[in-house]
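Participant: What shape does this take:
(chains A and B)
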Protein chains: 2
Amino acid sequence: MRPAPDLRVYLVTDAAQCRARGRTVTDTVRAAVAGGATCVQVRAKDADGADFLAQVCDVANAVGELVPVLVNDRVDVYLAARRLGAPVAGVHVGQRDLPATVVRELIGDDAYLGLSAANPEALSAAAAEGACDHVGVGAVRATATKADAPTGIGTDGVSRLAADIALPCVAIGGITPADLPALRAGGLAGAAVVSAICLADDPRAAARRLRRAWEAAR
Amino acid sequence: MRPAPDLRVYLVTDAAQCRARGRTVTDTVRAAVAGGATCVQVRAKDADGADFLAQVCDVANAVGELVPVLVNDRVDVYLAARRLGAPVAGVHVGQRDLPATVVRELIGDDAYLGLSAANPEALSAAAAEGACDHVGVGAVRATATKADAPTGIGTDGVSRLAADIALPCVAIGGITPADLPALRAGGLAGAAVVSAICLADDPRAAARRLRRAWEAAR
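Facilitator: Numbers count the residues shown, from 1 in each chain, chains lettered A, B, ... in the order given. You can find the predicted model right below:
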């Protein structure tokens, strides 16, 4: 099996949420990593390529030597960031993005590749193909962050999904620290959050609460 | 100077316009090439990666051996299409997309790279960098096709822009066959159209009119 990133507390960025709290994405990420976030995915579905590249490089240059920084969807932004010397570590794609097998060919064997998919068949197929090294499963709860997110299936639902997948799984969707015992007991490798950190009054403290809740859940 | 594609009659695709005429993008492109289009750029700013890749491969497999097929913006879709064996020939980027110098590194020396920019300084700088092989200048007329298109500067305006640029220039923006004599006399290497072909009752006849108008304009 390919190595996967440390998924325990996995921050997915949302520029609008950071802005709503008067912070840049990079400030938010830096605080979250200081608080214990173990992985960062930079997501900006509506950004133009140049803006997204700038954001990815900024985040990677800030924390990319401390934790893996993954790029959502845009493989070209990942490749461009690498060309520019930014320490990005991989890519995360969904089922509407480029196929994981082709993405793996484009990013090479040393990059991380995560995949989200809403149904177990797609996830099992992806795992069997061997292109990706971890998968995102959810949503734990329906959330306003992602317009096309699937409906909530709870911590039990994501645990059942994860049990059928041979790769490390990170849960996503409206997760709070209170969910982490059930997720860890259910076999998840970690919890991905957006608003729990991006909209927090104190993103460092929010990441610390999540990390402590994860470590305490044995 | 790098070789540039044949820009004389350059079709930029718009899926919504093709659909409004009851045609697929690929049917429209095939008809346009049969009528005399010399270059095709597949553009789908709002499409997800998987859909865009499918559209690019479909178009390239239909006409990519006859004329150069360029991919708008998404360098990763271009690279993925090549991996899948589709005969795509290059990429077209605007100023909000990935920087041309980085794109050139990602696509290699044998691919075409076009650049659009709204101001002469940006275009001259791009030409001087040596990354791109042709540029798009406009808009000849304001148009509803592209929400963020610059205001119309007429055939005189684009000719003045083109005169300051060391690379072959293709004009864009509300162009009709009647504009082609002025554009060719003004030193343009070709005319790019969207609605003149995608919204035409008969895209093959529309491309033929444009091509004949170009060839007649000496």
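Participant: The nearest residue to A:Gly36 once chain neighbours are set aside: what secondary structure?
Facilitator: Once flanking residues are discounted, A:Gly36 sits nearest to A:Arg211: 3.1 Å by C-beta to C-beta, 6 or more residues apart in numbering or on different chains. Any C-beta I mention is one placed from the backbone N, CA and C, and that applies to glycine too. The local conformation at A:Arg211, judged by DSSP: H, G, I helix; E, B strand; the rest coil, is helix.
Participant: Equivalent analysis for the one 3 residues further on, please.
Facilitator: Under three-state DSSP, A:Trp214 falls in the helix class.
Participant: what sits against it?
Facilitator: A:Arg8, A:Val9, A:Leu180, A:Arg184, A:Gly190, A:Ala191 (C-beta atoms under 8 Å, 6 or more residues apart in numbering or on different chains).
Participant: Just to be sure, which of those are found in helices?
Facilitator: A:Leu180, A:Arg184 (DSSP state H).
Participant: Need the max-distance pair from the contacts of A:Trp214.
Facilitator: A:Val9 and A:Arg184 (11.5 Å; C-beta to C-beta).
Participant: The two - which one has more neighbours?
Facilitator: More crowded of A:Val9 and A:Arg184, by other C-beta atoms under 10 Å in any protein chain shown: A:Val9, with 34 against 22.
Participant: Was I right to think that one contacts A:Leu188?
Facilitator: No. A:Val9 is beyond contact range of A:Leu188, at 11.8 Å (criterion: C-beta atoms under 8 Å).
Participant: tell me the pLDDT at the residue nearest to A:Gly36?
Facilitator: The model reports A:Arg211 with a pLDDT of 98.
Participant: The closest residue to A:Gly114 other than its chain neighbours pairs with what?
Facilitator: The shortest distance from A:Gly114 to any non-neighbouring residue, by C-beta to C-beta, 6+ apart, is to A:His92 (4.1 Å). Note on A:His92: beta-bridge partners by DSSP bridges are A:Asn72, A:Gly114.
Participant: ok, now which ones touch A:His92?
Facilitator: A:Gln41, A:Arg43, A:Leu70, A:Val71, A:Asn72, A:Asp73, A:Leu113, A:Gly114, A:Leu115, A:Ser116, A:Gly136.
Participant: among the residues you listed, which two are most distant?
Facilitator: Farthest pair in the contacts of A:His92, by C-beta to C-beta: A:Arg43 and A:Leu113, 15.3 Å.
Participant: Please identify which of the two sits among more neighbours.
Facilitator: A:Leu113 (27 against 22).
Participant: A:Val77 is in contact with B:Val102, isn't it?
Facilitator: No. A:Val77 is not in contact with B:Val102 according to C-beta under 8 Å; the separation is 9.9 Å.
Participant: Looking only at neighbour counts, state which of these two leads.
Facilitator: A:Val77 (30 against 23).
Participant: worst-scoring helix or strand of chain A, pLDDT-wise?
Facilitator: For chain A, counting by mean pLDDT, DSSP states H and E, helix A:120-129 ranks last in confidence among helices and strands (a mean of 78).
Participant: helices or strands up against that helix?
Facilitator: Here helix A:120-129 touches helix A:100-107, strand A:134-138, going by 3 or more C-beta pairs under 8 Å, 6 or more residues apart in numbering or on different chains; DSSP states H and E.
Participant: A:Ala50 touches B:Val103, doesn't it?
Facilitator: No. A:Ala50 is not in contact with B:Val103 according to C-beta under 8 Å; the separation is 10.9 Å.
Participant: Between these two, which contacts overlap?
Facilitator: With C-beta under 8 Å, 6+ apart as the test, A:Ala50 and B:Val103 both reach B:Asp97.
Participant: between those two, which one's more packed in?
Facilitator: B:Val103 (27 against 18).
Participant: so where is chain A shaky, pLDDT-wise?
Facilitator: Chain A contains residues with pLDDT under 70 at A:145-150.
Participant: can you list the residues of it near chain B?
Facilitator: A:48-51, A:53, A:73-77, A:79-80, A:83-84, A:93, A:95-99, A:102-103, A:105-106 (C-beta under 8 Å from any C-beta of the partner chain).
Participant: Which among those residues count as buried?
Facilitator: A:48-50, A:53, A:73-77, A:79-80, A:84, A:93, A:95, A:97-99, A:102-103, A:106 (16 or more other C-beta atoms under 10 Å in any protein chain shown).
Participant: count of neighbours near A:Asp179?
Facilitator: 25.
Participant: Can I get the helices and strands packed on helix A:120-129 in CSV including distance to B:Gly36?
Facilitator: Listed next are those as CSV, based on distance: least, C-beta to C-beta, whole Å:
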stretch, distance to B:Gly36
helix A:100-107, 33
strand A:134-138, 48
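Participant: Ignoring the adjacent residues along the chain, who's closest to A:Ala126?
Facilitator: A:Leu115 (5.0 Å).
Participant: oh, I was asking about A:Gly154
Facilitator: In space, A:Gly154 is closest to A:Val140, 6.3 Å off (C-beta to C-beta, 6+ apart).
Participant: got it, and A:Leu199?
Facilitator: Nearest to A:Leu199 is A:Gln17, by C-beta to C-beta, 6+ apart, at 4.9 Å.
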